[in-house]
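S.K.: whatever this is, show me its structure:
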Amino acid sequence: MLCKRFLTLFLCIAATGAWAQVPRSKHVVVVTLENHSYEQVIGSSQMPYFNQLASKYAIADQYYATMHNSLSALMWIVAGQTVTTHDNTMQYFNVDNVVRHMQRDGRSWKVYASHLPYAGYLGYNTGEYVKRHNPIAYFTDVESSLKYNIVPSTPNFQRDIANGTLPEYSYVTPDLIEDAHSAPLADADKWLKANIPQLLASKQFQEDGILFLVWDEGDVQPKDNRYGGGRIATLVIGPHVKPGYHSKIQYNHQSLLHSTCLALALSGCPGAGAEAVPMTDFFTPNQPPVLEISLASPALDKVDGTVNLSATGISGHYPATVTAAYIGSKLVAQSSTPTLKSSVHLAPGSYALRVKTWDKSGASTQVYRSLTVTAPTLAVNLIYPTTTHVAGPLHIQAAGVSGSSPATKMAAYVNGKLVANSSV
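M.R.: Now for the predicted structure:
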């Protein structure tokens, strides 16, 4: 696979052999921990088991929580949006969420909550259990009979592992002591060591399981505000994960949500999860899908607002027929042939680029990349004089180098006096 760097956009061209993607999984497990930044956790003597997992499997070195406060931050993992900024709310919210998509597609799911008093409990807290660490409990989708999918983790989590009855999607929330919210990191490590080995050793998980081990936000004392919610140590664990892998790509909670939706092959993904960059680089390459996309441009090292796109849909069993490019959810370029060539002007900022191709059977494939565009620059290329000492008449030759718009006028001055100008 050939990759070219374009500012902070990494464009990978599918060549022969491998294709990076989030593999299909029938057992996705999300475990959340609390309020510690990457630097506090990685290499910590209090978390030997966590660091053992990081060394054996994979870690996102540039993963940042989307925002602060537990409930708001965790909502991005399951709903792709803030939903509420009030940690103590008892309100229910009718917003799109991962459970809604699971139900719509007829899929199985459970929330395993430590020290939940009984299945279906929707109260605010009891003992070391707090509702704000269980974001799925706030959706209108679970107010009625679906609330019984929220169960105490003891004994249900280990029993379902032992019986081979884990659902397709599991959201696991330890209590205030076990998640390091109100106790030292050593308590969280103790909980992980008591609960995770059985999961990883189970036949169900070894077939196709994916475990995301994620912190809600960076350290809050003092508050870690990097990229919204602070840098956190997110682990990706499973049989198809690259062993010992460190990802340098910047991810966030909505990236984890999109990866979950892809792994479960859901028919949709809630909120910002639908357009976030998925965590494809963590997984060992599979054989290419029926269709491939060769993304040959942009290939410049520096681009100041105008992105020159060049992409081709490579046929599989059927010829590729249409190729299109999107920024976020907006279509920016499309071709009725397999080859797409277009120039797209973008204001400075961060974007999610998606290129998609279809074949005549209606099958499609797409690639996602993160994109940062810098402000356009206008420069002057002074061709003559080439030295600081000139004999005789002064000959001036220069060219305006366009930024995002063509250069239209040039002028030359000597000691502040206009001596030459050009309108082209």
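S.K.: which pLDDT value goes with D301?
M.R.: We have a pLDDT of 45 for D301.
S.K.: what's the answer for T377, then?
M.R.: pLDDT at T377 comes out at 67.
S.K.: what's the answer for the one 4 residues further on, then?
M.R.: If you check N381, the pLDDT there is 70.
S.K.: list the contacts of S247.
M.R.: By C-beta atoms under 8 Å, 6 or more residues apart in numbering, S247 lies in contact with 58-63, 279, 281-282. No exception for glycine: its C-beta is placed from N, CA and C like everyone else's.
S.K.: 7 Å - rerun?
M.R.: By C-beta atoms under 7 Å, 6 or more residues apart in numbering, the contact set of S247 is 58, 60-61, 281-282.
S.K.: repeat that for G80.
M.R.: By C-beta under 7 Å, 6+ apart, the neighbours of G80 are 254, 257, 270-273.
S.K.: PyMOL command to pick out the buried ones of the residues you listed?
M.R.: Of the contacts of G80, the buried ones can be selected in PyMOL as follows, counting by 16 or more other C-beta atoms under 10 Å:
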select buried, resi 254+257+270+271+272+273
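S.K.: and which of the contacts of G80 is nearest Q204?
M.R.: Q204 lies nearest to L257 out of the contacts of G80, by C-beta to C-beta, at 22.3 Å.
S.K.: and S37, how far is that from P319?
M.R.: According to C-beta to C-beta, to the nearest Å, S37 and P319 sit 50 Å apart.
S.K.: what about the two, which has more around it?
M.R.: S37 (22 against 13; other C-beta atoms under 10 Å).
S.K.: quick one: contacts for the more buried one?
M.R.: Neighbours of S37 in contact, by C-beta under 7 Å, 6+ apart: 218-219, 224, 230-232.
S.K.: and of the residues you listed, the nearest to N308?
M.R.: R231 (33.3 Å).
S.K.: wait, that closest one touches D61, no?
M.R.: No: applying C-beta atoms under 7 Å as the test, R231 and D61 come out as separate, 8.7 Å apart.
S.K.: so between the two, which is more surrounded?
M.R.: R231 (21 against 18).
S.K.: without its sequence neighbours, what residue ends up closest to the more buried one?
M.R.: Y38 (4.4 Å; C-beta to C-beta, 6 or more residues apart in numbering).
S.K.: what residue in the protein is the furthest from its centre?
M.R.: Within the chain, G392 marks the point farthest from the mean C-alpha position, 62.8 Å out by C-alpha atoms, centre = their mean.
S.K.: that one should be in a helix, yeah?
M.R.: No: assignment of G392 by DSSP: H, G, I helix; E, B strand; the rest coil gives coil, placing it outside any helix.
S.K.: dump stretch 163-182 to PDB, restricted to CA.
M.R.: What follows is stretch 163-182, C-alpha atoms only, in PDB (Å, rounded to 0.1, in the frame of the first residue of the first chain):
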ATOM      1  CA  ASN A 163     -21.800 -19.500  28.600                       C
ATOM      2  CA  GLY A 164     -20.900 -18.100  25.200                       C
ATOM      3  CA  THR A 165     -23.900 -15.800  25.300                       C
ATOM      4  CA  LEU A 166     -22.300 -12.400  25.000                       C
ATOM      5  CA  PRO A 167     -24.500 -10.000  22.900                       C
ATOM      6  CA  GLU A 168     -23.200  -8.400  19.700                       C
ATOM      7  CA  TYR A 169     -22.700  -5.100  21.500                       C
ATOM      8  CA  SER A 170     -21.600  -4.800  25.200                       C
ATOM      9  CA  TYR A 171     -21.200  -1.500  27.000                       C
ATOM     10  CA  VAL A 172     -19.400  -2.200  30.300                       C
ATOM     11  CA  THR A 173     -19.200   0.500  33.100                       C
ATOM     12  CA  PRO A 174     -17.200  -0.300  36.300                       C
ATOM     13  CA  ASP A 175     -18.200   1.500  39.500                       C
ATOM     14  CA  LEU A 176     -16.600   4.700  40.900                       C
ATOM     15  CA  ILE A 177     -13.800   2.700  42.600                       C
ATOM     16  CA  GLU A 178     -13.200   0.200  39.800                       C
ATOM     17  CA  ASP A 179     -13.000   2.900  37.100                       C
ATOM     18  CA  ALA A 180     -10.400   5.100  39.000                       C
ATOM     19  CA  HIS A 181     -12.800   8.000  39.400                       C
ATOM     20  CA  SER A 182     -12.700   7.900  43.200                       C
END
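S.K.: CSV for the contacts of S37, including secondary structure?
M.R.: Listed next are the contacts of S37 as CSV, based on three-state DSSP:
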residue, secondary structure
G218, coil
D219, coil
D224, coil
G230, coil
R231, strand
I232, coil
